[in-house]
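*Asks:* for reference, the sequence and a predicted model appear below.
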Amino acid sequence: MKKFFKYLFIGLGTIILLIILGITIWWNIKSDTQKSDFFFSMENYKNAIDYNPDNDYAWMELSVSYNKAGDFKKGFKYLNKAVDLSPSSHLGYRGWIRLRKIRDYDKALIDFDRLDSLTPNFIDYPWSENINFLRGECHYGNKQYKKAIECFNTNIKEQNEGWADVHSFVYLGLCEYELGNYEKSISEFKRAIEHSKYVPEASFGISKAYYKLGNIEKAKESILEAESTFDYKRDDVYNEFLNEVYLSEIREFKDQLDK
């Protein structure tokens, strides 16, 4: 029995040594690019960059956690490197960050426009959103409402109306409202509700537009709709949207209508 265990341990030791030797040989025959890809797949982005400083996706992924945490100085140090290495792959994300998190609309537009020029005959979707929807948000943020309307309409055309983000119509309503076109804004807000029954942003916009037109009863109907559908609002734990609404402002406006 003792001899059995002795040979068993010797056999296991030999197997382990062969495994280690095999892994060592396997690793040594890999190119630095392959080693970089291996570490990237393991989400070890710093080691991926150590083996291949041109691994643009590793630079980009390294930036994500810093951008989410609001450390844009460090995040953009890595993200800018990714853009330098492969502009067409990462300009969209950088523009998206500049729009949604930093509110630097002009620089976001520069990134989106440059990306669009690099990808002719192709509709870009930075961070999975239509590029013209994002451009529209930039122009809306800059209070360039006519330019925003052009972009949102282009976005709707590109995606086909039935598939477009419902907030394309909400933004169209907001832009028309800001331009003083209250009846047109109501029409656009109603388009949003036609595509999705519960859109508190649209109902709130309709209420405010009816108020401007002096139709208080209609305004009251719509503000109640906004309040009752509030749980369906556009929301993201990481970002505050440009068209985001809050229950407090809905109720404040409701009280104003009741006076």
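*Replies:* Sure, I can see it.
*Asks:* would you confirm that Asn52 contacts Gln34?
*Replies:* No - here Asn52 lies out of contact with Gln34, judged by Cβ atoms under 8 Å, at a distance of 9.0 Å. C-betas here are computed from N, CA, C, even on glycine.
*Asks:* pick out whichever of the two has more residues nearby.
*Replies:* Comparing Asn52 with Gln34 by neighbour count (other Cβ atoms under 10 Å), the higher total belongs to Asn52, at 19 against 12.
*Asks:* state the pLDDT value of that one.
*Replies:* Predicted confidence (pLDDT) for Asn52: 92.
*Asks:* ok, now which ones touch Leu134?
*Replies:* With contact taken as Cβ atoms under 8 Å, 6 or more residues apart in numbering, Leu134 is in contact with Gly95, Trp96, Leu99, Ala108, Phe112, Pro126.
*Asks:* so where do the strands sit in the stretch 151-259 of the chain?
*Replies:* Per DSSP state E, counting those that start in this stretch, the stretch 151-259 of the chain carries no strands over any range.
*Asks:* can you give me the helices in it?
*Replies:* Under the criterion DSSP state H, counting those that start in this stretch, the stretch 151-259 of the chain contains helices at 167-178, 182-195, 200-212, 216-228, 247-258.
*Asks:* closest to Thr119 out of the ones you listed?
*Replies:* Each of the helices of the stretch 151-259 of the chain has some distance to Thr119 by Cβ to Cβ; the shortest is helix 167-178, at 21.2 Å.
*Asks:* mind listing what's buried along the closest one?
*Replies:* Judged by neighbour count using 16 or more other Cβ atoms under 10 Å, the buried positions of helix 167-178 are His167, Ser168, Phe169, Val170, Tyr171, Leu172, Gly173, Leu174, Cys175, Glu176, Tyr177.
*Asks:* check stretch 54-62 too.
*Replies:* The neighbour-count criterion (16+ other Cβ under 10 Å) identifies Asn55, Asp56, Tyr57, Ala58, Trp59, Met60, Glu61, Leu62 as the buried residues of stretch 54-62.
*Asks:* tell me the two of the residues you listed that are most distant?
*Replies:* Using Cβ to Cβ, the pair of the buried residues of stretch 54-62 lying farthest apart is Asp56 and Leu62, separated by 10.6 Å.
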